[in-house]
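1. got a predicted model here, sequence first, then my questions.
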Amino acid sequence: MSKVLVTGGCGYIGSHTIVDLIDNGFEVISVDNLSNSSADVLDGIEAITGKRVKNYNIDLCWEEAVQQVFEENPDIGGIIHFAALKAVGESVLQPISYFRNNLNSLLNILDCMDRYGAPHLIFSSSCSVYGNATELPVTEKTPLQEAESPYARTKQMGEQIIRDFSRIHPKHASILLRYFNPAGAHESAIIGEAPYNPASNLVPVITETAIGKRPEMTVFGDDYDTRDGSCVRDYIHVMDLANAHTKALQYLQAGKNTDNLEVFNLGIGEGVTVLEAIQSFMKVTGQPLQYRIGERRPGDVVAIYANKDKAAERLGWDPQRDINDIMRTAWAWEQKRSR
Ligand code: NAD
Ligand code: WQD
């Protein structure tokens, strides 16, 4: 079986995906410059899988260094490209850094795919490419709207770049995976989300508040037109998300793809409100949570959730976990890392 190059392998979704790939018999190498992660996660992956993954600590924007990785690993067959800057608010303040990092790294990866003949690419895209979606649930055919942030625009542009690449490289096959709201941690609580940047996503904000790192948290608005007034999202457990990458790679390797560029939504297909997520946390963990209702957050969409039928039918992807599993594993991870 050929080797898989995981970029951003020390990050949140990358590290969980490496575990799932190894569990499914893949050999993996990682490239991560540790700009938002720590090499300690490699110890965690080893503790879970018994396998030591080699990480190349290089910046993917450095063309020669990326080429060197491919020179040293001529058997790279699949590439899963997670590496990116991902903080929506930061991207508004530093758009150039986001375009430079997220697009140059992708261009170097595509260039090396071509140059070294690596056949398969899986790209981390995001539901943010749908902007204010025109229909719910969102299918892969739902038209993309104006991006709400420079971050989201890097994902739309990244998708477009891969589309143009695919047109002139029929022998290379790529998959764009549009994640909805990834959350939760590995069951072992050995790995989880551990960013250097302060958390702004709902689930880590909840666990950090409950453990006392924050005095309270704010629910951004309870006057939306939803069942309880708070925003609706599709929270997908990171291990189910990880498994979709393994399935996508196996799908390409088996030649089951009908086109050399395919797109899949990755969500569980159920909308959960912010207040329901908070209730789930308190029920599953038995912990109280200090929260107050605040103003709406600028840029928030009211509701978005996925239609996951395409990933289920074509990839055979069957996410098993719900919001309660997300809260349980996220809380176990928070307790472990805060010790
Ligand atoms: P993360 O920040 O935990 O992981 C990304 C990793 O990439 C980090 O370890 C970082 O050090 C590395 N990296 C960034 N730029 C690099 C560069 N130029 N060279 C080498 N390494 C670099 O993020 P994540 O949550 O694991 O997200 C993974 C991917 O999924 C990203 O592309 C992100 O945009 C996308 N995504 C994430 C979410 C989410 O909510 N977490 C949702 C949708 C899409
Ligand atoms: C979820 C809900 C908030 C924090 C972002 C990116 C998206 C994708 C996933 C990368 C919203 C509410 C949150 C808090 C709250 N990432 N909330 N209080 O905004 O849906 O999506 O992450 O691609 O591109 O935009 O995720 O976790 O920030 O928010 O009430 O302290 O929780 O208003 O309704 P979001 P989130």
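-> All right, it came through fine. Numbers count the residues shown, from 1 in each chain. Ligands and ions are numbered 1, 2, ... in the order given.
2. show me what from the stretch 201-339 of the chain comes close to ligand 2.
-> 201-202, 205, 217-220, 231, 233, 274, 297, 300 (CB under 6 Å from any ligand atom). In short, each C-beta sits where N, CA and C put it, glycine included.
3. buried only: go through those residues for me.
-> 201-202, 205, 217, 219-220, 231, 233, 274 (16 or more other CB atoms under 10 Å).
4. now render those as a markdown table, adding secondary structure, distance to Ile175 and pLDDT.
-> Converted to a markdown table, those look like this (DSSP: H, G, I helix; E, B strand; the rest coil; distance: CB to CB, whole Å; pLDDT from 0 to 100):
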| residue | secondary structure | distance to Ile175 | pLDDT |
| --- | --- | --- | --- |
| Asn201 | coil | 24 | 96 |
| Leu202 | helix | 27 | 98 |
| Val205 | helix | 31 | 97 |
| Met217 | strand | 35 | 98 |
| Val219 | strand | 35 | 98 |
| Phe220 | strand | 33 | 98 |
| Cys231 | coil | 29 | 97 |
| Arg233 | strand | 23 | 98 |
| Val274 | helix | 31 | 98 |
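5. check the residues you listed one by one and keep those near ligand 1.
-> Asn201.
6. can you tell me which of the buried ones among the residues of the stretch 201-339 of the chain next to ligand 2 lies closest to Ile304?
-> Arg233 (6.4 Å; CB to CB).
7. which among the residues of the stretch 201-339 of the chain next to ligand 2 gets closest to ligand 1?
-> For those, the residue nearest ligand 1 by CB to the nearest ligand atom is Asn201; the value is 5.9 Å.
8. right, and the closest one touches Pro195 too?
-> No: contact between Asn201 and Pro195 fails when scored by CB atoms under 8 Å: they sit 9.4 Å apart.
9. could you find the closest non-adjacent residue to Arg296?
-> Spatial nearest neighbour of Arg296, chain neighbours left out: Gly221 (3.7 Å); criterion: CB to CB, 6 or more residues apart in numbering.
10. near ligand 1, which residues of the stretch 101-250 of the chain?
-> Counting by CB under 6 Å from any ligand atom, the stretch 101-250 of the chain sits next to ligand 1 at 101, 105, 124, 126, 179, 182, 195, 201.
11. of the residues you listed, which belong to strands?
-> The strands, defined by DSSP state E, take in 124, 126, 179, 182 from those.
12. please name the nearest non-neighbouring residue to the first one.
-> It stands for Ser124. Nearest to Ser124 is Phe82, by CB to CB, 6+ apart, at 4.9 Å.
13. go on, the third one?
-> Residue nearest to Tyr179 in three dimensions, not counting chain neighbours: Leu266, with 5.1 Å by CB to CB, 6+ apart.
14. does the one you found really touch Ile175, like I thought?
-> No: judged on CB under 8 Å, Leu266 makes no contact with Ile175 at a distance of 10.7 Å.
15. sorry, back to before: ok, the residue nearest to Tyr179 - contacts?
-> Counting by CB atoms under 8 Å, 6 or more residues apart in numbering, Leu266 touches 177-180, 236, 241, 244, 306, 308, 311, 317.
16. spatially, which two of the buried ones among the residues of the stretch 201-339 of the chain next to ligand 2 are the most separated?
-> Distances among these were taken as CB to CB; the most separated pair is Met217 and Arg233, at 15.6 Å.
17. my guess is Gln67 contacts Cys112. True?
-> Yes: the criterion here is CB under 8 Å, and Gln67 meets it with Cys112 at 6.1 Å.
18. which one's more surrounded, these two?
-> More crowded of Gln67 and Cys112, by other CB atoms under 10 Å: Cys112, with 22 against 15.
19. in which helix or strand does that one reside?
-> Here Cys112 sits within helix 95-116, counting by DSSP states H and E.
20. let me know whether that helix sits next to ligand 2.
-> No: using CB under 6 Å from any ligand atom, helix 95-116 stays clear of ligand 2, coming no nearer than 10.9 Å.
21. tell me what that helix is packed against?
-> helix 63-72, strand 76-81, strand 120-126, helix 150-168 (3 or more CB pairs under 8 Å, 6 or more residues apart in numbering; DSSP states H and E).
22. any chance of TSV for the ones you listed, columns mean pLDDT?
-> Below are the helices and strands packed on helix 95-116 laid out as TSV (pLDDT from 0 to 100):
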stretch	mean pLDDT
helix 63-72	98
strand 76-81	98
strand 120-126	98
helix 150-168	98
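23. export those as CSV, with columns for distance to Leu136.
-> Below are the helices and strands packed on helix 95-116 laid out as CSV (distance: least, CB to CB, whole Å):
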stretch, distance to Leu136
helix 63-72, 39
strand 76-81, 28
strand 120-126, 17
helix 150-168, 18
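24. out of the ones you listed, nearest to Pro288?
-> The nearest among those, by CB to CB, is strand 120-126 at 32.6 Å.
25. next up, phi/psi of the residue nearest to Tyr179, please.
-> phi -120, psi 90 (degrees, to the nearest 10).
26. tell me the confidence at it?
-> On pLDDT, Leu266 comes in at 98.
27. try Tyr56
-> pLDDT at Tyr56 comes out at 98.
28. skipping adjacent residues, who's closest to it in space?
-> Val31 is the one closest to Tyr56 (CB to CB, 6+ apart), at 4.6 Å.
29. which residues in the chain form helices?
-> Assigned by DSSP state H, the helices in the chain fall at 12-23, 40-49, 63-72, 88-93, 95-116, 150-168, 202-211, 238-253, 274-285, 309-310, 323-337.
30. before I go, just wanted to say thanks for your time.
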